[in-house]
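1. I need the structure of the sequence given here:
(one chain, ligands or ions: 1)
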Amino acid sequence: MSALVQVKEMSKSFHDNEVLSEISLSIEKGEFVSILGESGCGKSTLLNVIGGFEAPTSGHVLMDQVPIEKPTRRAIMLFQHYGLLPWRTVKKNVEFALEPTISSATERTKRANEYIQLVGLEGSANQFPAELSGGMQQRVAIARALAIQPELILMDEPFAALDTFNRYYLQDELLRIQQQEQTTVALVTHDIDEAVYLSDRIIIMDRNPGRIKKTIAITLPRPRDRSHGDFHYFRKLIFDTFHFGRNELDSDYHI
Ligand SMILES: Nc1ncnc2c1ncn2[C@@H]1O[C@H](COP(=O)(O)OP(=O)(O)OP(=O)(O)O)[C@@H](O)[C@H]1O
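-> Presented below is the predicted three-dimensional model:
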């Protein structure tokens, strides 16, 4: 594997407030990395800098050795709120995202259909977002992001608004497609379980200012079993990193 993204001694301040301090990390091609940390530690800011939406105050952020200076279609951001256009059908939402790069309408339709099928929504292609459940809307957002065929998907708590069943289902779908397409993923989450289930590597952050506290490689074979003792081992390792005492444990493993 070789590095797709390199962040080198990067700091980010908003006015006088240093939010990220001396962050260095690299993300390999095809790797699934999660970023965990308490609220306000700068996780979203880090994604925004990697996506080119925010400029670092100092240090370097590179994609394939080239400085990231603005958002490009090589890196797509996926949010908790799906950002679908309500007046367009599922198919038209996906096709719309392809307009800047595919000039032929026939080609756009073909690509859109392919990715709608990939997320299992072929039966809903002509429906409007309001007619779909939250889980289905997020699948449309995933199809739209993937159809662009980005090298990197940046995800900011994409499953946080979903119920457990939809969350588990979409986590599996995402992994299946990510492995098939060899897409590189950087995911921000508060859900330790989700991070252990999905990631090759988990980056744990400290706050005030945001720094990398620890990086943990999740060496569990796939598909992973959430009830397996080894899974619990990694969960505990992460809890211990946050120094949570027993009384502070939350049954859902959210931070
Ligand atoms: N555009 C901005 N202007 C000023 N301050 C900002 C801006 N964006 C983020 N911040 C500040 O940076 C800090 C980190 O915010 P950020 O959203 O990156 O944290 P986070 O770890 O993603 O938090 P959460 O888990 O609650 O989403 C916060 O104190 C926030 O107020």
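
2. Could you give the number of residues near Pro100?
-> Counted by other C-beta atoms under 10 Å, the residues lying close to Pro100 total 9. In short, each C-beta sits where N, CA and C put it, glycine included.

3. in terms of contact, does it touch Ile148 like I think?
-> No - counting by C-beta atoms under 8 Å, Pro100 stays clear of Ile148, with 9.0 Å between them.

4. and this structure, which residues reach the ligand?
-> 14, 19, 37, 39-45 (C-beta under 6 Å from any ligand atom).

5. which neighbours do Pro100 and Ile148 share?
-> Taking C-beta atoms under 8 Å, 6 or more residues apart in numbering as the criterion, Pro100 and Ile148 both touch Arg73.

6. which stretches of this protein form strands?
-> Assigned strands in the chain, in chain order: 3-14, 17-28, 32-37, 58-63, 66-67, 75-79, 152-156, 184-188, 201-206, 211-217 (criterion: DSSP state E).

7. Format those strands as CSV; extra columns: mean neighbour count and mean pLDDT.
-> Below are the strands of the chain laid out as CSV (neighbours: other C-beta atoms under 10 Å; pLDDT from 0 to 100):
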stretch, mean neighbour count, mean pLDDT
strand 3-14, 18, 98
strand 17-28, 18, 97
strand 32-37, 25, 97
strand 58-63, 17, 97
strand 66-67, 9, 96
strand 75-79, 21, 89
strand 152-156, 23, 95
strand 184-188, 24, 97
strand 201-206, 21, 96
strand 211-217, 15, 96
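
8. Now do stretch 197-204: distance to the chain's middle.
-> Distance of stretch 197-204 from its chain centroid, counting by C-alpha atoms, centre = their mean, to the nearest Å, is 11 Å.

9. That stretch spans what distance, first to last residue?
-> With C-alpha to C-alpha, to the nearest Å as the measure, stretch 197-204 spans 15 Å from end to end.

10. what does stretch 79-91 give?
-> Stretch 79-91 stretches 19 Å from its first residue to its last (C-alpha to C-alpha).
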